[in-house]
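What follows is a predicted structure for the sequence shown.
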Amino acid sequence: MSTRRPPIKAQATSEDQSVTTLELFFDLVFVFALTQVTALMAHDLTWAGAVRGVLLIGLLWWSWIGFSWVCNLVKADEGSIRTVMLLAMGAMFVIALAIPEAFHDLPGGLPGPVVIAIAYFVFRAMHLVLFWLIADGDKTLRRTLLRFAPAMLAGTALLLIASQFHGRTQTLFWAAALAADYGGTYLIDARGWRLRSAGHFAERHGLIVIIALGESIVAIGVGVTDLPISWPIIIASMLGLAIAAALWWIYFDATVHYGEQALAAEPHETRPKLARDAYTFLHFPMVAGIVLLALGLKKVLEYVGDTEHHHLDDPLKGVGLYALFFGVVFYLLGHVGFKYRTTSSVGWSRLITAALCVIAVFALAKVPALGQVGVLAALLAGLVAFESVRFARERDELRHGHSS
């Protein structure tokens, strides 16, 4: 009796699957891409530039998220999957290289907006075809993929249309492209997806948060690359590092644990929906918030270090100031939504801190940049200190199990 040959050589993951080194290698392209986005927003420090930067983050996030689902079902470093992963890395690297020309094509060479649209289509097509092949024998998953395909095609087609326009029209087409992609995915019945390992999925998203935090630290250094070291630069850098450390603590002290536990405890038929809501959608404001914070920190370092164009008493203003504080606001609101979706409880301390950050934007409009970043660091330090004391027992049980 002959057996049918599988359409692709792949090895299924197990319940206790951990992240592979190829997945980490895959993420290196996104480190570069996020750095490109921060640089683009810093170069065009306007509200239109900030909106376009967020749209680019949305495109990169949607690209990354697709393979996080695939690699939860099949091992990234086994069989034919690793070849597809490496090819997808190539497509994403092309997108990252073209980010400086995403909205304004430079003279000569290839048309940047068209390059991004085509590379994005190639990347998404590889993801969809790979998913289709590994779904062999799973009629429900293949039906879900067929429902998913129109959203992907609409998103990529709108990006290509956007490449033929400039200014506000181009930005609106970009927004429509992401709305089609995100909205189409949300409207699909999530029970049709598959999620095998809660631990792998949670770990994968934790690592991308680390990568984004790394970008915020890189932004501090890049902001003073051509400036002589000084006490204001050292102080501002330490405050920026303290802010990044607070964001790390907020996620990895407890959030990563209760998120994984909630996902593991969810019944298999509804687990994909929880994963989609809590991770695919609610991690986006966290990552976008960190990248906006990186932009704000980059500008703070320029203000305190560039004595030729700024004075120490100059306040950070406009987009730079809003990016600094609202980056943290988006990050905290993402956490509030994540906690509510996974535990059905409201993270009041984080919600209140987000509100205080909003108030601070207006209250500190005339305070020197060094004072502004100092207040933000103090607000986050207060949040960390409060939660460390208030939830000490719950956090200990989350991290180490019940103690006697």
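Perfect, thanks for sending it. All values reported here derive from a predicted model rather than from experimental measurement. Numbers count the residues shown, from 1 in each chain.

drop to CA atoms for contacts and neighbour counts, all remaining ones
Fine.

Mind listing what's buried along stretch 222-233?
Within stretch 222-233, the residues scored as buried using 16 or more other CA atoms under 10 Å are Val222, Gly223, Val224, Ile233.

Stretch 134-154 too?
134-135, 141-142, 144-145, 147-149, 151-154.

Verify the contact between Phe123 and Ala91 for me.
Yes. Applying CA atoms under 8 Å, one finds Phe123 in contact with Ala91, separated by 5.6 Å.

can you list the buried residues of stretch 222-233 in CSV and add pLDDT?
Shown next, in CSV, are these (pLDDT from 0 to 100):
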residue, pLDDT
Val222, 79
Gly223, 72
Val224, 79
Ile233, 93
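
just checking, which of the residues you listed belong to helices?
Applying DSSP state H to the buried residues of stretch 222-233, the entries found in helices are Val222, Ile233.

and which of the buried residues of stretch 222-233 is nearest to Phe325?
Phe325 lies nearest to Gly223 out of those, by CA to CA, at 17.6 Å.

In this structure that closest one contacts Lys299, no?
Yes. Here Gly223 reaches Lys299: they are 6.8 Å apart, a contact under CA under 8 Å.

Report the distance from stretch 90-108 to the chain centre.
For stretch 90-108, the separation from the chain centroid amounts to 19 Å (computed by CA atoms, centre = their mean, to the nearest Å).

Next: stretch 244-255.
Distance, centroid of stretch 244-255 to centroid of chain: 15 Å (CA atoms, centre = their mean).

Next: stretch 49-65.
With CA atoms, centre = their mean, you get 8 Å for stretch 49-65.

do the same with stretch 95-109
22 Å.

Can you point out the buried residues in it?
Result for stretch 95-109 [16+ other CA under 10 Å]: buried residues Ile95, Ala96, Leu97, Ala98, Ile99, Pro100, Glu101, Ala102, Phe103, Asp105.

Could you do stretch 16-28 as well?
Buried, per 16+ other CA under 10 Å, within stretch 16-28: Gln17, Ser18, Val19, Thr20, Glu23, Phe26, Asp27.

before we move on, what about stretch 41-50?
Result for stretch 41-50 [16+ other CA under 10 Å]: buried residues Met41, Ala42, Leu45, Gly49, Ala50.

How confident was the prediction at the second one?
Same thing as Ala42. For Ala42, the pLDDT comes out at 93.

just the last one next, same as before
Ala50 is assigned a predicted lDDT (pLDDT) of 96.

And for it, nearest residue in space, chain neighbours not counted?
Met41 (5.9 Å; CA to CA, 6 or more residues apart in numbering).

same question, the third one
The shortest distance from Leu45 to any residue other than its chain neighbours is 6.3 Å, reached at Val319 (CA to CA, 6+ apart).

Now find how far off-centre the one helix or strand the one you found maps to is within its chain.
If you go by DSSP states H and E, Val319 is part of helix 318-343. Offset of helix 318-343 from its chain centre (CA atoms, centre = their mean): 12 Å.

Where does the prediction get shaky in the stretch 251-400 of the chain?
For the stretch 251-400 of the chain, applying pLDDT under 70 flags no range at all.

Which residue ranges of it form helices?
Counting by DSSP state H, counting those that start in this stretch, the stretch 251-400 of the chain has helices at residues 256-265, 271-275, 284-305, 318-343, 348-363, 369-390, 392-400.

Buried deepest among those, which one?
Stretch with highest mean neighbour count among the helices of the stretch 251-400 of the chain: helix 284-305 (a mean of 28; mean count of other CA atoms under 10 Å).

List the contacts of the residue nearest the centre of the chain.
For the chain, Val287 is the residue whose C-alpha lies nearest the centre (CA atoms, centre = their mean; 3.2 Å). Val287 makes contact with Val209, Ala212, Tyr331, according to CA atoms under 8 Å, 6 or more residues apart in numbering.

excluding its backbone neighbours, what's nearest the first one?
In space, Val209 comes closest to Val287 once its chain neighbours are excluded; the distance is 6.3 Å by CA to CA, 6+ apart.

any idea how far the one you found is from Val51?
Going from Val287 to Val51 by CA to CA, to the nearest Å gives 15 Å.

what does Ile243 give?
Look at Ile243 and Val51: by CA to CA, they are 23 Å apart.

Of the two, give the one with the bigger neighbour count.
Ile243 (26 against 14; other CA atoms under 10 Å).

That one and Asp138, how far apart?
From Ile243 to Asp138 the distance is 46 Å (CA to CA).

His400 too?
Plainly put, His400 is 38 Å away from Asp138 if you go by CA to CA.

one step back: can the contacts of Val287 go into JSON lines with extra columns for distance to Leu274?
As requested, the contacts of Val287 are arranged in JSON lines below (distance: CA to CA, whole Å):
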{"residue": "Val209", "distance to Leu274": "19"}
{"residue": "Ala212", "distance to Leu274": "23"}
{"residue": "Tyr331", "distance to Leu274": "19"}
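
which one of the residues you listed is nearest Phe201?
Nearest member of the contacts of Val287 to Phe201, counting by CA to CA, is Val209, at 12.7 Å.

Report how many residues lie close to the closest one.
21.

Please identify which helix or strand holds it.
helix 198-222.

what does Arg52 give?
Assigned by DSSP H and E, Arg52 falls within helix 47-73.

going on from that helix, what's the next piece of helix or strand?
helix 81-98.

Who's the closest spatial neighbour of Ala242, skipping the chain neighbours?
Ala377 is the one closest to Ala242 (CA to CA, 6+ apart), at 6.5 Å.
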